[in-house]
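Undergrad: got a predicted structure here, sequence first:
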There are 4 protein chains.
Amino acid sequence: MRLALIGAGRIGKVHAQAIDRHPKVTLAAVADYHAAAAEALAAQYGAQAVSVDAIFADDGIDAVLIASSTPTHADYLEQAARAGKAILCEKPIALDLARTRDALQVLAAHPVTCALGFNRRHDPQFAALKRALDEDRIGQLETLSIISRDPSPPPAEYVGASGGLFRDMTIHDFDMARWLLDESITHVHAEGSCLIDPAIGEAGDVDTAMVTLTTASGRLCHISNSRRACYGYDQRIEAFGSAGMLQAQNESETRLRFTGEPGQVEEKPKWFFLERYAEAYSLEIGDFVDAWKQGRAPMAGAQDGLEALRLAEAAERSLKEGRRIAIDDIH
Amino acid sequence: MRLALIGAGRIGKVHAQAIDRHPKVTLAAVADYHAAAAEALAAQYGAQAVSVDAIFADDGIDAVLIASSTPTHADYLEQAARAGKAILCEKPIALDLARTRDALQVLAAHPVTCALGFNRRHDPQFAALKRALDEDRIGQLETLSIISRDPSPPPAEYVGASGGLFRDMTIHDFDMARWLLDESITHVHAEGSCLIDPAIGEAGDVDTAMVTLTTASGRLCHISNSRRACYGYDQRIEAFGSAGMLQAQNESETRLRFTGEPGQVEEKPKWFFLERYAEAYSLEIGDFVDAWKQGRAPMAGAQDGLEALRLAEAAERSLKEGRRIAIDDIH
Amino acid sequence: MRLALIGAGRIGKVHAQAIDRHPKVTLAAVADYHAAAAEALAAQYGAQAVSVDAIFADDGIDAVLIASSTPTHADYLEQAARAGKAILCEKPIALDLARTRDALQVLAAHPVTCALGFNRRHDPQFAALKRALDEDRIGQLETLSIISRDPSPPPAEYVGASGGLFRDMTIHDFDMARWLLDESITHVHAEGSCLIDPAIGEAGDVDTAMVTLTTASGRLCHISNSRRACYGYDQRIEAFGSAGMLQAQNESETRLRFTGEPGQVEEKPKWFFLERYAEAYSLEIGDFVDAWKQGRAPMAGAQDGLEALRLAEAAERSLKEGRRIAIDDIH
Amino acid sequence: MRLALIGAGRIGKVHAQAIDRHPKVTLAAVADYHAAAAEALAAQYGAQAVSVDAIFADDGIDAVLIASSTPTHADYLEQAARAGKAILCEKPIALDLARTRDALQVLAAHPVTCALGFNRRHDPQFAALKRALDEDRIGQLETLSIISRDPSPPPAEYVGASGGLFRDMTIHDFDMARWLLDESITHVHAEGSCLIDPAIGEAGDVDTAMVTLTTASGRLCHISNSRRACYGYDQRIEAFGSAGMLQAQNESETRLRFTGEPGQVEEKPKWFFLERYAEAYSLEIGDFVDAWKQGRAPMAGAQDGLEALRLAEAAERSLKEGRRIAIDDIH
């Protein structure tokens, strides 16, 4: 697969490295709004720095990875679909449902392999948990609890453009919940507060939230979010069922333990998504390539992006109205 | 302190043993609706089996421990207060707010030492967590997560008389939340399902629930309940704050670890409250005696029972109405 | 059982409390070289302070617990045996083999229930490990590793009278090794150093040691000792076999975990033997009473004391001569 | 760096992958006794399959990685040194001291960067432990305990040619001990048994061993080896000192925990060295390249190979003679 990367920022670099390590993908081209960034990254991996238009026009390009800024995702996704390229698009497709739906229609008219960057589905811990659920290790799944905390809050200006906590951060947890619950979510209730940075509150957002999801069969799911965990990236999931419980615990760089005056001390969790999900990004590329080759659906696709966004919308409305929201009311 | 025990059932026996081990308390008398039960327990500890009336009439009795069936609590509590006895009453005082308020008025008119049996406040794990919070170990507390699962569901007939999950089981978690949050709780949202035993649903109750509490300053608290955890009594608390996180983990009988074909295996958590809270029951007696001697308030008192019951009422109403309930609306 | 306690020092007090809590034992009398100590302890538990001779002469006394200073053990043990009392004797019977053998001969001539205070056999962790071995949980046991470290070194003057590290401290580990290996130990090799307190070295002893035991069938056992572990009492055992591994881990007061700047922190191990083996002392009394009642051998008896002492002698000789010592050469 | 790989077997393949991932090393050539193996591996990474002689004659080759069979190591190492190539040689240089010393003399005469494949020094866990020791995290190091168990025993014919347990397996632990103790080892005592496979015993070797090392200042080190741990590769180190203890624990593929009927279950340790030390092999290549570029000594060099071999010889002699051996007597 000859792949072109659109976006040479932080997440673009992560993908470039994962692409480079994959034995069956060649990073052919890099495009970025900042030409210099594209050139630097292209040079590092022996690719060409080109314009976005050149990518869509190039018949030698099989696939594009869209890692540019969020407002450009939907446009590039549509252009790529029309150009017949396989697509790996960073989440979200767009911050609103209408724009996302439009993009899905274009995809329906131009069916190409289209994967969405819900990287956590590829995390070995969570994948092992999913596998164990599928193998009925805990019998009937009854409740799910997702803890997801970032190490430090983003600047308030980022928050303003992010679409808010639920669309920007919880969206990953909504996708995880959908994937693990494996059943229609019918209701969403959300509570949120601004406890960390008043500037986030002034920008109209919350930095701490708890969301409860209910499924058609009555399963319950709890999501706990914070924009700041001083000890690192807190990414844990607990699944509880009729025959037991599964817990995906945090990872640390090493398992070294010190016992002394302060107690029995192990390392903090890995710092942030680049550290924790390094392997997930590699596996995501692998899944994308395999899906393209085998003509099968990737682990997460555009529809998953739409559904997660509906949950985010519902959470936002719940927070505003102080009541649980039926998903059927979110269009 | 010469103490009389009312109620010689399962929990009465636990208290009798704890009383026996306390160096400064004598179990003077035992009363029970079933005279034979009172006699057997009295004989075991060298006490006298008597009637309830005899207890209240006996000037040689300093204190009563009310561990009889729930519907009798409020009456005995009022009688004891009027007789000037110190009181340790099993929770709840009553299943409804009005009856509870009446009892509190009697207590106000007859001020005696009155402790309520929220035994978990005495659990060394949770007490250590509370102490760490008070010492600002995690800076500002922001979110709290309480997991509380029983090993096996009660029979449906018990459920019918129990007042429902929130009043019967979550009540302990509400008290724990109040104690740890140490601030007014303003709103309650509850979701619940019947996933374990259909007979519980037919009795009009749920067996699986998630509750979210919000405080005046915006702190959030999650409670997760299940009537059945096949692996034992799951009693954990996680407190998250600006400077870190505290987790009170489950206890097992031993720390023996087996590593072999199935993996690295440690023991299941202790089976139920008798095992897990054995030490808490002893410490509860100790606190009661000390409070009585020193004329100070016990760790948990009658007012705490009322406030926890208000939260249970709010949760029940939230579940019914599908919206968050303001505590101020619960009278 | 009416029991008399000889020795009202630190370990005597531990036993007095355990006796008091046992429902079927009455602490009838206490004797001590310091009459005031005996009186204080006797008063605390409603016993009588008496002379040692009075104990042996009193037909109302069923059993004696010898917790006086080491040099008196053998004499009191012999007197008790001759007086037909059941005996629970703190280890060691004596610091040398000849005196120990003499005492065993008296016991042979006057057969009474005689338990030796190898309290660790009663520790729930180690007892669970033993049970798992007996149930072939790890198949054939092949190697054993015992880590035994005290929190802080004794004063050098204590060391001088203690018989040395191997007789005073490792003796417990030798007994544990014998109990768990459940097979003749044929060879002992020991290395030792004085790394903690030069005064211990000047007193002719070591404060840090490693001992290797070999059994008749070729099993290997490692013992690691230190007189000082700044983080508390380090008492762990690892058993390795053909079907897996068992590890008895340290215990802490609580399982509270703090995660923050310094990492993920759990409490230090319990501080010393009074904390770690509190339950073991209770169970030891229980086993002694049951053995006496049922006419069976107690968990650890006088012969076990002799055999552990032979291993200590062998270790001492090995350290001196720089070679492995055959146990058959230790008489 | 243009590097040639000698040996395309199991460990050669591991190195080839690590080389491929290193941004500054090109795998230029592969040689193997089995030409087909060399060709296959060369093809996989775009290298050339050549003869060993061609490597030493090629001026375009900067370095060789010797991963061929043990008996060839010393010869190739000498040829490489004479040809002025940088060398990364799998351990051991040779199975006997004389041959090893000869090779070191050639290296002395032809000084090139020469790294020895003690891969464990590069393991992130052990490297973190070493760093913590260097930072005095536990004060003065007093004792060290190394547990090193393979998942399954090699065939007896391998054992025959391996030089025996101490030279083949414990050699890694001897190197680790030397590296962490950072001080002259003066004495070695070894015990060993054949408990796993009688064929190993018939081949004149042991499959289970315990070794004790003593340093000049009196530090003690314990090594525990087994040729078979049914649960996987058991690779742990415990360092104990005046201010605490450090434990490098085993790694598992994930941190997923299941709690259910059998208890609280985490995954087994990684299966064998390919899994556990995958990252170490990458870091080893990195250190080799950096050492070559910077003209500094690599993490482990030829002299380290000689010293570890002396300890193995001493252990073998100790096992035979039943006494501790002074290292000064091993020439």
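TA: Nice, thanks for sending it over. Predicted model only: the values in this text are computed from it and were never measured.
Undergrad: for the stretch 101-250 of chain A, which residues are neighbours of chain B?
TA: Proximity of the stretch 101-250 of chain A to chain B (Cβ under 8 Å from any Cβ of the partner chain) is limited to residues A:140, A:142-143, A:145, A:147, A:149, A:187, A:189, A:191-196, A:208-210, A:212, A:214, A:217-220, A:222, A:224, A:226, A:228-231, A:234, A:240, A:242-245. Heads up, the C-betas are built off the backbone N, CA and C, glycines and all.
Undergrad: buried subset of those?
TA: Buried subset of those (neighbour count, 16 or more other Cβ atoms under 10 Å in any protein chain shown): A:142-143, A:145, A:147, A:149, A:187, A:189, A:191-196, A:208-210, A:212, A:214, A:218-220, A:222, A:224, A:226, A:228-231, A:234, A:240, A:242, A:244-245.
Undergrad: which element follows the helix-or-strand element of chain A with minimal mean pLDDT toward the C-terminus?
TA: Lowest by mean pLDDT, DSSP states H and E among the helices and strands of chain A is helix A:156-162, with a mean of 85. For helix A:156-162, the following helix or strand on the C-terminal side (DSSP states H and E) is helix A:165.
Undergrad: show me how far that following helix is from its chain's centre.
TA: The chain centre lies 13 Å from the centre of helix A:165; the measure is Cα atoms, centre = their mean, to the nearest Å.
Undergrad: residues making contact with it?
TA: A:192, A:205-207, A:209, A:225, A:227 (Cβ atoms under 8 Å, 6 or more residues apart in numbering or on different chains).
Undergrad: which is the next helix or strand following that helix?
TA: helix A:171-181.
Undergrad: quick revisit: now, which of the residues of the stretch 101-250 of chain A next to chain B lie within strands?
TA: Within those, residues falling in strands by DSSP state E are A:142-143, A:145, A:147, A:149, A:187, A:189, A:191-193, A:208-210, A:212, A:214, A:220, A:222, A:224, A:226, A:234, A:240, A:244-245.
Undergrad: closest one of the contacts of helix A:165 to residue C:172?
TA: Taking Cβ to Cβ as the measure, residue C:172 sits nearest to residue A:225 out of those, at 51.1 Å.
Undergrad: the closest one contacts residue A:208, correct?
TA: Yes: Residue A:225 is within contact range of residue A:208, at 6.9 Å (criterion: Cβ atoms under 8 Å).
Undergrad: measure residue A:158 to residue A:205 for me?
TA: Distance, residue A:158 to residue A:205, by Cβ to Cβ, to the nearest Å: 10 Å.
Undergrad: before we move on, what about residue A:306?
TA: Residue A:306 is 22 Å from residue A:205, where distance means Cβ to Cβ.
Undergrad: same question, residue A:155
TA: Between residue A:155 and residue A:205 the distance is 12 Å, computed by Cβ to Cβ.
Undergrad: neighbour count: those two, which is higher?
TA: Higher neighbour count among residue A:155 and residue A:205: residue A:205, with 24 against 11, using other Cβ atoms under 10 Å in any protein chain shown.
Undergrad: OK, contacts around the more buried one?
TA: Contact partners of residue A:205, counting by Cβ under 8 Å, 6+ apart, are A:159-160, A:162, A:164-165, A:194.
Undergrad: dump those residues into TSV; add distance to residue A:42 as well.
TA: Below are the contacts of residue A:205 laid out as TSV (distance: Cβ to Cβ, whole Å):
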residue	distance to residue A:42
A:159	32
A:160	32
A:162	28
A:164	34
A:165	35
A:194	41
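Undergrad: so which of the residues you listed comes closest to chain D?
TA: Using Cβ to the nearest Cβ, residue A:165 is the member of those that lies nearest chain D, at 26.7 Å.
Undergrad: point to the residue nearest the middle of chain A.
TA: For chain A, the residue nearest the mean C-alpha position is residue A:118 (3.2 Å; Cα atoms, centre = their mean).
Undergrad: so who does that residue touch?
TA: Residues counted as contacts of residue A:118 (Cβ under 8 Å, 6+ apart) are A:91, A:172, A:175-176, A:179, A:299-300, A:304-305, A:308.
Undergrad: roughly how far does it sit from residue A:305?
TA: Here the criterion is Cβ to Cβ. By it, residue A:118 lies 8 Å from residue A:305.
Undergrad: which neighbours do the two share?
TA: Common neighbours of residue A:118 and residue A:305 (Cβ under 8 Å, 6+ apart) are residue A:91.
Undergrad: check the stretch 1-150 of chain A for the residue nearest chain C and tell me.
TA: residue A:149 (10.9 Å).
Undergrad: residues in contact with that residue?
TA: Shown in contact with residue A:149 (Cβ under 8 Å, 6+ apart): A:224-229, A:233-235, B:240.
Undergrad: swap the cut-off to 10 Å and go again
TA: Counting by Cβ atoms under 10 Å, 6 or more residues apart in numbering or on different chains, residue A:149 makes contact with A:169, A:208, A:224-236, A:269, B:143, B:240, B:245.
Undergrad: please parse chain A into its domains.
TA: Segmentation of chain A into domains, based on automatic domain parsing, reads A:2-112, A:120-276+A:301-329.
Undergrad: for chain A, which helix is longest?
TA: Ranked by residue count and defined by DSSP state H, the top helix of chain A is helix A:302-321.
Undergrad: buried residues, that helix. List them.
TA: Buried positions in helix A:302-321, judged by neighbour count with 16+ other Cβ under 10 Å: A:302, A:304-319.
Undergrad: got it, and stretch A:89-102?
TA: Within stretch A:89-102, the residues scored as buried using 16+ other Cβ under 10 Å are A:89-95, A:99-100.
Undergrad: which residues does the closest residue to residue A:91 other than its chain neighbours contact?
TA: Closest residue to residue A:91 apart from its sequence neighbours, by Cβ to Cβ, 6 or more residues apart in numbering or on different chains: residue A:117 at 5.0 Å. Each residue near residue A:117 by Cβ under 10 Å, 6+ apart is listed here: A:11, A:15, A:65-67, A:73, A:88-92, A:172, A:281, A:284, A:288, A:300, A:305.
Undergrad: among the residues you listed, which are in strands?
TA: Among these, the residues falling in strands (DSSP E) are A:65-66, A:88-89.
Undergrad: gap between the closest residue to residue A:277 other than its chain neighbours and residue A:4?
TA: Spatial nearest neighbour of residue A:277, excluding adjacent residues (Cβ to Cβ, 6+ apart): residue A:119 at 5.2 Å. Going from residue A:119 to residue A:4 by Cβ to Cβ gives 20 Å.
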